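**Student:** Generate a structure from the sequence data that follows.
(2 chains)
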Amino acid sequence: MTGFRAPARGLIDRNRILSFRFDGRAYYGCAGDTVVSALLANGVRVMGRSFKYHRPRGAWSSWFDDPNAVFAIRLNGHELPNCPGATTELQDGMEVRSVNAFPSARFDLKSALDLGHRFLPAGFYYKTFMWPDWHLFEPTIRRMAGLGKLEMSEIDGYVSDQTHDACDLLVVGGGPSGIAAARAAAERGMSVVLVEDHDALGGSGLQVARIEDRDMAVWMREQIAAFQAAGGQILSRTTAFGVYDHQLVALIQQRGFGRGPRLIRMRAQRCVLAAGALDRPVTFGNNDRPGVMSLAGACDLLARYGVLAGQRIAVMAPHSQAAAQIEMLRDAGATMTEVAPDGPARALGGKRLRGLRVGDQTYGCDTILTSAGMMPVLHLWRHAGGKLSWDSTASAFVPASGPDWMTAVGGANGTFDLADALIEARAVAVGDDRPKRLCAYQAHPPEVVLTDKSRQWVDFQNDVTVKDIEIAARENYVSVEHLKRYTTLGMATDQGKTSNIPGLSTMASLRGKSIPETGTTTFRPPFVPVPLELYRGAHRGQQFHPLKRLCLEHRHRAAGAALGEYGGWLRPGWYGGDTPQDAIQREIAMVRHSAGVMDASPLGKIEVMGPDAEQFVNFIYYNTIATLKPGFIRYGFMLTEGGIVYDDGVIARIDQNRFVISCSSSHVEGVSAMLEAWRQDGNDPDRIFVHDTTLNWPTITVTGPKARDILRRLDLGVDLSPDAFGHMQMREGRFQAAPARIARVSFTGEVSYEISVPVAQAQALWDAALEVGAEHGAGPLGLEAVSVMRAEKGYVIIGKDTDGETMPHDLGFSIPRLKKKAAFVGDRALHTENATRPDRRRFVGLKVPDGDPMLPVSAHIVTRGQGGPSSCGYVSSSYLSPTLGHPIALAHLDQTQATEGTEVELLHLGQTRRAIVTAPCFFDPKGERLHA
Amino acid sequence: MRDDSARWDPAAGLDREAFQTPAVTLKILRPNRQTLISGPYPAALQCANVETATGWPEAALGDHYAVRLRRDRILVINGDALSDGWHAAKGVAVSDMTGGYAMLALGGPKAFDLLRRGTEITPDAASKSVLRGFHGYPVMLYSHGAGQFRLHIPSAMVDGFWSLLADLARQLE
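**Tutor:** Numbering: from 1, shown residues only, chains lettered A, B, ... in the order given. Below is the predicted model of the structure:
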């Protein structure tokens, strides 16, 4: 006989019949069933196969502590893998399949693996597959490992909802303790949220007939009504699965199968942990057989789902709460045999249990219920940093010192007597002292003894036996952290819920030590398995990494721009429908002969203002800025404190107390934050202010020999003649009656003007520049062409032509390091031994022999020694220069090798190339075009 | 070097119709002026010609008001025209940011539920600053009367932020 539905018990709706299939067979359940309770009610025992040996496994328990019944479930055309059957609500039409089994859980071909168990103990693969090469075995082992398989298709609408909430008191667990605590606190005026992972409140209280002299159901109704009347909020189907910094408790609320769950980030002023307790399995021979179950789990199955785990039940439960549980099952019609675990025990039978043998005695039964004692559920307590202490009377870990905002009550605190638990919960909830317990609880778990007669299972899911732990102990993996990793104890979905204490107690017994001497483990979130979708929520599609968008994007699209990500912005890479290479070459030729018009809006426009602004920017910059006059611009570097180049760019001085920093487009937030950090460090913060105004000032760059002619037609109110407005100067003009800032700076080597105007004028300026430019053969210019042109000039792009070791003197900017007297960020680091190493890398140009193709980016420049090639540099940028008609490259090279004219060897992906070291500037080295 | 134009919905910026569901309404507002003022708080208020700068949960009222961003910074909405730069007499720094921030009005019976999707907020947990992280976006968020909220977002992010709010609003039960 196996499990069956007992009459008139449970919370299920027996009038609503649900049909479902398991491993191809049709079954029926009731509304309110879980998949496991429905299978048990149908007499199904074998629900899955174990991870390694493919041993048949039945449900161990009725809720989140069941590690065995893991299913792939299909409903409405979509399949979810690895559903814990004990916590998955049954729905009509479900197609349930066991995982890790073929063709079915009942008849699994891979169960033959169990025959070779003697050769597959813990750690066998560490030893066996060392020779000749682990990678030969890895694919097969990986195919065999794991539980369910992912479907490649996405489930429509499977989107988690993420929200935030806060409360004075969060009560975790809707059993009698949790309900009593929640009501008491709510009636004191606190905002209280009570979370319960089942649909119905009640917890272990559902297993008793009366509570506080009231019928149990009446008591529940009264308590819940009073709680809600006092303003309390109940979140059912909700599990607190993790505690994070600053009293943040993560809650997962189920919203039905196939629907993404809800993540609630609950900020709780206080938390009462009333999560109850679980049964500690008794470790005995063949204790993994289907039909060996948790006593408390069996009681819960009866109380919630009206399912009796078996007809003839043997019980091994040496603790003082067991008598009432046994009585409950007996009342429901089972034949109960209480067995004292006072000798070596062994389950008899295979997929169908025949009996329990203890010492010389054999007890006939179809089901074995065990509990070596109650284990408080203290995962959240540990997440929150709480400590544990060993209660030798209860043979369980109970809360010791912990965070002052979290308190455990009831079963979670080791207070297993209901009357005691209610008194305790009410006191703790309102901040009173914890009362003394009136009822003593005792547990006497049997000692674990290693035996050769049969295997004793410690971790049902991961196939860890007492023998495995003995091997670990023998090989000195005695720390629980090492034990876990060596044997896989407590891994996967179980996460130690059932296996932790049996594992510890086994190790303790084998070593002749106590459990507290052996250790405990640290629980980490999540307490229950949660789908990755829970964390994703709306972080999907374009919200995964949303790019900043140009206010002129519609204009670029209309002009045929190819848009791509550049430093967090969606920007035009090139324009036109021809190939990218053709478009880029065309744009470069256009700029070198006429002009290009580029949307440079992302360029930083960070204003530094105040009477101490001059001193401040002089400190921030590597270069001397204090001598910069209003209306002038200077190129410079910002360094990290380690002397590494953080950003380059220009700084313009508008007036005595006002500077504008035009940093790299992708560094605006970083530079702003850096400025703000330094502003607040050692400065009078009322005399310097930093405003990032980048987004208020879109920038249009006109660059090329015809740039001045184009600007003249834009009527900016500024004298553009070279004498009046030279390179590296800035003027304030007007465009269409709005202010316009015109900066003469260049990244192409041509005469260039960056015109910044308010957003409202940006489109008109863009249109006007293109319209006028068209008369000169100018047109829109994308970033890719600019990247080539700047490389022709030897201008660096930070992060591409610099790395985490590049100092300014590596780039040829050494004067401030030697001569700047005022302090600046990174100064000290530029004089360290590392900064003055003779083999530091220098920024150079590379030219290939005539007819050779471009050098590959990141190719290593090598020297040959006795030990083979050795890297002395690498290529950072490489292009085919249409201006010069040959490839160019920029590189970092050991300065002992960096003499111009030196021939160097490069290696890349097995190919050898040669190049000649040159100066990094390939085009117009005297800057005649720039200053034209 | 890749053409990703088709992977991103064309940016509409501020040119978009109001979004409306039974749960929420969302629309773009176009203030005449937004001005960032930094300096000691009293000086910043005086410069802005306002008596206080709104934080949370108090409500900003009318069309001309200031919101407080931090100890020494406010954003003035529809204030007087001020010249950019350092105002030595008052000891404050001023920058026009009219085009720098997009301004959104959010209302409807589930407006607050929508806000809770993106940021940790309660009706009563006070903050002197209206700056918040909202689903990764840096926003200014404040009340503008019962059940009405206003949000300012860096203008380059308004497309993503708008579609986020619309997606979240559609999921509200």
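
**Student:** pLDDT-wise, which helix or strand of chain A ranks last?
**Tutor:** In chain A, no helix or strand scores lower on mean pLDDT, DSSP states H and E than helix A:124-128, which sits at a mean of 81.

**Student:** show me where pLDDT drops low in the chain?
**Tutor:** If you meant another chain, say so; for now it's chain A. Applying pLDDT under 70 to chain A picks out residues A:1-2.

**Student:** Not quite, go with chain B.
**Tutor:** In chain B, residues with pLDDT under 70: B:173.

**Student:** Relative to chain A, which residue of it is the closest?
**Tutor:** Going by C-beta to the nearest C-beta, chain A is nearest to residue B:99 of chain B, at 2.7 Å. (Glycine included, C-beta is placed from N, CA and C.)

**Student:** The residue nearest to residue B:13 when sequence neighbours are not counted: neighbour count?
**Tutor:** The spatially closest residue to residue B:13, leaving aside those adjacent along the chain, is residue A:551, at 5.8 Å (C-beta to C-beta, 6 or more residues apart in numbering or on different chains). Applying other C-beta atoms under 10 Å in any protein chain shown, we find 22 residues neighbouring residue A:551.

**Student:** pretty sure residue A:551 is in a strand, no?
**Tutor:** No. Residue A:551 is assigned coil when assessed by DSSP: H, G, I helix; E, B strand; the rest coil, not a strand.

**Student:** how about it, what does it touch?
**Tutor:** Neighbour list for residue A:551: A:601, A:698, A:759, A:762-763, B:13, B:99, B:155-156 [criterion: C-beta atoms under 8 Å, 6 or more residues apart in numbering or on different chains].

**Student:** which of those sit farthest apart?
**Tutor:** Farthest-apart pair in the contacts of residue A:551 is A:763 and B:156; separation 15.2 Å (C-beta to C-beta).

**Student:** Against which helices or strands is the helix or strand following the least confident helix or strand of chain A packed?
**Tutor:** Per DSSP states H and E, the first helix or strand lying C-terminal to helix A:124-128 is helix A:134-144. Helices and strands touching helix A:134-144, by 3 or more C-beta pairs under 8 Å, 6 or more residues apart in numbering or on different chains; DSSP states H and E: there are none.

**Student:** what about the helices in the stretch 301-450 of chain A?
**Tutor:** With helices called from DSSP state H, counting those that start in this stretch, the stretch 301-450 of chain A shows them at A:322-331, A:379-383, A:418-429.

**Student:** can you list contacts of the second one?
**Tutor:** It refers to helix A:379-383. A:172, A:240, A:242-244, A:249, A:271, A:273, A:275, A:388, A:399, A:402, A:406, A:408, A:412, A:495, A:497, A:522-525, A:527.

**Student:** One more pass at 10 Å, please.
**Tutor:** Applying C-beta atoms under 10 Å, 6 or more residues apart in numbering or on different chains, the external contacts of helix A:379-383 come out as A:172-173, A:240-244, A:249-250, A:271, A:273, A:275, A:386-388, A:397-400, A:402-403, A:406-408, A:412-413, A:495-497, A:500, A:520-528.

**Student:** how about the helices of the stretch 301-450 of chain A in CSV, adding mean neighbour count?
**Tutor:** Below are the helices of the stretch 301-450 of chain A laid out as CSV (neighbours: other C-beta atoms under 10 Å in any protein chain shown):
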stretch, mean neighbour count
helix A:322-331, 17
helix A:379-383, 25
helix A:418-429, 23
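
**Student:** between those, which gets nearest to residue A:446?
**Tutor:** With respect to residue A:446, and counting by C-beta to C-beta, the nearest of those is helix A:322-331 at 13.7 Å.

**Student:** longest single helix anywhere in the chain?
**Tutor:** All of this is about chain A. Across chain A, the longest stretch assigned as helix under DSSP state H is helix A:759-774.

**Student:** wait, I meant chain B there
**Tutor:** Longest helix in chain B, counting by DSSP H: helix B:158-171.

**Student:** quick check, it touching chain A?
**Tutor:** Yes. Helix B:158-171 is in contact with chain A by C-beta under 10 Å from any C-beta of the partner chain, via B:158-161, B:163-165, B:167-168, B:171.

**Student:** ok now that helix, how far from the chain's centre?
**Tutor:** 15 Å (C-alpha atoms, centre = their mean, to the nearest Å).

**Student:** Kindly export it (C-alpha atoms) in CSV.
**Tutor:** Listed next in CSV are the C-alpha coordinates belonging to helix B:158-171 (Å, rounded to 0.1, in the frame of the first residue of the first chain):
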residue,chain,number,x,y,z
VAL,B,158,14.0,60.1,-21.8
ASP,B,159,13.4,57.6,-24.5
GLY,B,160,14.5,54.6,-22.4
PHE,B,161,12.9,56.0,-19.3
TRP,B,162,9.5,56.6,-21.0
SER,B,163,9.4,53.1,-22.5
LEU,B,164,10.3,51.7,-19.1
LEU,B,165,7.5,53.5,-17.3
ALA,B,166,5.1,52.5,-20.1
ASP,B,167,6.1,48.9,-19.8
LEU,B,168,5.8,48.9,-16.0
ALA,B,169,2.5,50.6,-16.2
ARG,B,170,1.1,48.0,-18.6
GLN,B,171,2.0,45.3,-16.0
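
**Student:** ok so, going back, with chain B in mind, check whether the longest helix of chain A reaches it.
**Tutor:** Yes. With C-beta under 10 Å from any C-beta as the criterion, chain B is reached by helix A:759-774 at A:759-762.

**Student:** before we move on, what about stretch A:262-278?
**Tutor:** Yes. Residues of stretch A:262-278 are located near chain B by C-beta under 10 Å from any C-beta, namely A:262, A:264-267.

**Student:** Neighbour-wise, which one of these leads?
**Tutor:** Going by other C-beta under 10 Å, residue A:266 tops the residues of stretch A:262-278 next to chain B with 25 neighbours.

**Student:** Output the residues of helix A:759-774 next to chain B in a markdown table; the columns should cover neighbour count.
**Tutor:** Rendered in a markdown table, the data for the residues of helix A:759-774 next to chain B read as follows (neighbours: other C-beta under 10 Å):
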| residue | neighbour count |
| --- | --- |
| A:759 | 21 |
| A:760 | 13 |
| A:761 | 22 |
| A:762 | 25 |
